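A.B. asks: kindly generate the corresponding structure for this input.
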Amino acid sequence: MWGGDEFVSTPPSKTVRFGGTVSDILMKYSKGDTSDYELLKHQLTDPDIKDAQIINWLQEFRISVTSLSKEFEQLISVLLKLPWLGRSQMVIEEYLAFLGNLVSAQTVYLRPCLKMIVSNFTPARQIIREGNVDISDSDDDDENLPKNFDTCHRAIQMITRYVPSTPRFLMPILVEGFPFINKSARTLECYVHNLLRITVYFPPLRREILELVVEKLLKLDVSASRSDIEDAEESSASHKNGADKSTEEALFNMDEDEDLEDMRSNLDSGMMAHPVAERLDYGMCVVFSYIKDICYVNGVLDLDKTKSLYQDLVAVFDKLILPTHASYHVQYFMFYVCSFKLAVAEAFLDHLWKTIQNPMNPALIRQTAASYIGSFLSRAKFVPIVTVKACLDLLVSWIHQYIDNQDAGSKAFCDIALHGPFYSAAQAVFYIFIFRHQQLLDGNMKKGLAYLQSLNFERIVMCQLNPLKVCLHSVVSLFAAITRKYQLVFCYTIIERNNRQQLPVVRSSFGGDSVQVFTNPLDSFFPFDPYILKRSRKVIDPLYQVWEELSVKDYEELKQKTKRVVSEDEEDDFLKGESLQNDGVIGITPCSPDSFLRSPKSIGSPPIDFSFCHFDR
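C.D. replies: Reported below is the predicted structural model:
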């Protein structure tokens, strides 16, 4: 073996080099003689080029770097395509030195150099061909991949020392290089990992990079609905059962056995059957790991780092998540970071509460914020009951104040366009009560009942705004059953009256009026409904409150009460005189087709099998 100095000073063995030195070639090219220039490019693109050849060329290019003006752009492009990663350490060091010299002497090549580095953030494609047919096209699982990624990040930091403005040029390249939605899960995983790694040594880019990652994951999330994912899993399970049956029928057919084994291994490996869900699952795993790695230092929560990351995450949440209707999984990055410290969860709740209160916010944003509060308080195990009560007090107080303000005015009637935030806040309260009522009553039943009575649910459900008419039927029916059980309020007269009322006329966005049945007039969704991505849900499951089934007695009573027809004599006086106002037209937000799809009971949804919508939506 050669020593370092001996290797550099010794000409490459068994190599044939044509043309003169780099400096001579560049000079000839400037005078119009391009023969050696073309020969040089040809030698640099040789697929069998040796390490010693690369090192010699790079050393000569470093000497002539000041001559490599923009007219040699093609030559630089060839140099940037050299297969330098995965080669000997001496090639890597020489290449890094060349990049540093190049960008410092010719800043015009900064962007091409950064693009080359970023292009190595994903595994290379490994294509196997027979004739002109590609028989295999998959990610190259190179064992040197982690080392190559390390080298890429080292290159970016080295370039930044020469060109301090590098981060400003890097961000557009990161956006441009993000893999398309149809790329493999492994490709997405590697790229997201490397993006987030940049935030460690370029903190000013962190919020922009988080925005980019969340934006791309959101596109995956909304393109794979919960029902589509569940259908794919059910279909996959059916195929697995078929595979098991076929195995018994074909024990001695070795070819079939191998195929069936491949099928079962995929099904048992934790892979998502839905391809988009599979990519999203990988991406969410990376995001969760990143959040934990940033917030925990040597296994101990770093409060300052957690606070700083939370501020960036909540800014991304406001910009991207809150305006996005019916995303299913990506918003769980807020759920996860809030689980680290109660103060973080309370800060998030306070942020949502201020969003609801602010009349300058669009009504849809305020309504969505209410859905987030309701779902978060219902599903987060790590939020203690004292915090739940504090939030309930705020929400209920705001609701009563809203009723007070409307009672004295001319708009005290059921209209979603006018009172959307009110209805969403009321539904959040009902939803929290359904999930948390047992904890509210635990320990001291008398004290718990006194607290629930102090919330004055009766006034809320019986006000002229009639929230029971607008909220999801599944939420209303469970709320009615539980409040009746504890004699807090009797809702069934109102529910039956609402059910018998004439359907509202809904103004169509295409012009004219049309009568439609809306089982979800608020177009509401619960953002922390059960998390169904297989790999990343392992992070969420320990923190998550699943729906606890009603007892058989309560369930039977619930079914009987929802089917019960109440006579007109039993109806409340205000209901007899209630009529639709505002010309019978109720303003309704555009309804997402997936906003009230059924979730399976197997993942913790309440068992509603009567005429109302499913609870976990």
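A.B. asks: what about the helices in the stretch 401-550 of the chain?
C.D. replies: With DSSP state H, counting those that start in this stretch as the criterion, the stretch 401-550 of the chain has helices at 416-441, 445-454, 457-462, 467-470, 473-485, 492-500, 537-540.
A.B. asks: nearest to Leu44, out of those helices?
C.D. replies: Set against Leu44 and scored by Cβ to Cβ, these come closest in helix 537-540, at 46.8 Å. Backbone N, C-alpha and C define where each C-beta goes, glycine included.
A.B. asks: can you pull the buried residues of that closest one?
C.D. replies: Within helix 537-540, the residues scored as buried using 16 or more other Cβ atoms under 10 Å are 537, 539-540.
A.B. asks: repeat that for stretch 168-178.
C.D. replies: Buried-residue list, stretch 168-178, by 16+ other Cβ under 10 Å: 169-171, 173-174, 177-178.
A.B. asks: mind listing what Phe431 touches?
C.D. replies: Not Phe; residue 431 is Tyr. The neighbours of Tyr431, taking Cβ atoms under 8 Å, 6 or more residues apart in numbering as the test, are 374-375, 378, 475, 526.
A.B. asks: ok, now with 7 Å
C.D. replies: Residues near Tyr431 by Cβ atoms under 7 Å, 6 or more residues apart in numbering: 374, 378, 475, 526.
A.B. asks: determine which two of those are furthest apart.
C.D. replies: Ser378 and Val475 (10.7 Å).
A.B. asks: could I get the buried residues of helix 537-540 as CSV with distance to Met27 and pLDDT?
C.D. replies: Below are the buried residues of helix 537-540 laid out as CSV (distance: Cβ to Cβ, whole Å; pLDDT from 0 to 100):
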residue, distance to Met27, pLDDT
Arg537, 64, 96
Val539, 61, 97
Ile540, 64, 97
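A.B. asks: what's the closest of those residues to Gly86?
C.D. replies: Val539 (32.8 Å).
A.B. asks: SS state for the spatially most central residue of the chain?
C.D. replies: The geometric centre of the chain, computed from its C-alpha atoms, lies nearest to Val330 (Cα atoms, centre = their mean), at 2.0 Å. Following DSSP: H, G, I helix; E, B strand; the rest coil, we place Val330 in the coil state.
A.B. asks: what comes into contact with stretch 81-96?
C.D. replies: 7, 44, 51, 54-55, 58-59, 120, 142, 144, 148, 151, 155, 158.
A.B. asks: and if we set it to 6 Å?
C.D. replies: Stretch 81-96 is contacted by residues 51, 54-55, 58, 144, 148, 151, 155, 158 when judged by Cβ atoms under 6 Å, 6 or more residues apart in numbering.
A.B. asks: among those residues, which one lies nearest to Glu208?
C.D. replies: Checking the contacts of stretch 81-96 against Glu208 with Cβ to Cβ, the nearest one is Ala155 at 20.4 Å.
A.B. asks: identify the residues contacting that closest one.
C.D. replies: By Cβ under 6 Å, 6+ apart, the neighbours of Ala155 are 96, 117.
A.B. asks: go with 7 Å
C.D. replies: Contacts of Ala155 (Cβ under 7 Å, 6+ apart): 96, 99, 117.
A.B. asks: element containing the closest residue to Pro421 other than its chain neighbours?
C.D. replies: Nearest non-adjacent residue to Pro421, counting by Cβ to Cβ, 6 or more residues apart in numbering: Arg366, 4.2 Å away. Per DSSP states H and E: Arg366 is located in helix 363-379.
A.B. asks: tell me what that helix is packed against?
C.D. replies: Under the contact definition 3 or more Cβ pairs under 7 Å, 6 or more residues apart in numbering; DSSP states H and E, helix 363-379 sits against helix 342-357, helix 385-407, helix 416-441.
A.B. asks: please convert those to TSV, extending it with mean pLDDT and distance to Ile92.
C.D. replies: Output for the helices and strands packed on helix 363-379, formatted as TSV (pLDDT from 0 to 100; distance: least, Cβ to Cβ, whole Å):
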stretch	mean pLDDT	distance to Ile92
helix 342-357	97	41
helix 385-407	93	53
helix 416-441	92	56
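A.B. asks: pick the most deeply packed of those helices.
C.D. replies: helix 416-441 (a mean of 22; mean count of other Cβ atoms under 10 Å).
A.B. asks: related to what we said a few turns ago, a markdown table for the helices of the stretch 401-550 of the chain, including distance to Gly283?
C.D. replies: Output for the helices of the stretch 401-550 of the chain, formatted as a markdown table (distance: least, Cβ to Cβ, whole Å):
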| stretch | distance to Gly283 |
| --- | --- |
| helix 416-441 | 29 |
| helix 445-454 | 42 |
| helix 457-462 | 41 |
| helix 467-470 | 36 |
| helix 473-485 | 31 |
| helix 492-500 | 42 |
| helix 537-540 | 13 |
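A.B. asks: out of those helices, which comes closest to Phe340?
C.D. replies: Closest among the helices of the stretch 401-550 of the chain, using Cβ to Cβ: helix 537-540, at 12.0 Å.
A.B. asks: give me the residues contacting that closest one.
C.D. replies: Here helix 537-540 makes contact (Cβ under 7 Å, 6+ apart) with 288, 332, 335-336, 531.
A.B. asks: that helix: how far from the chain's middle?
C.D. replies: 14 Å (Cα atoms, centre = their mean, to the nearest Å).
A.B. asks: pLDDT at Pro167, what is it?
C.D. replies: Listed pLDDT for Pro167 reads 95.
A.B. asks: that older thread, and of the contacts of stretch 81-96, the nearest to Gly20?
C.D. replies: Leu58 (16.7 Å).
A.B. asks: would Asn56 count as being in a helix?
C.D. replies: Yes. Under three-state DSSP, Asn56 falls within a helix.
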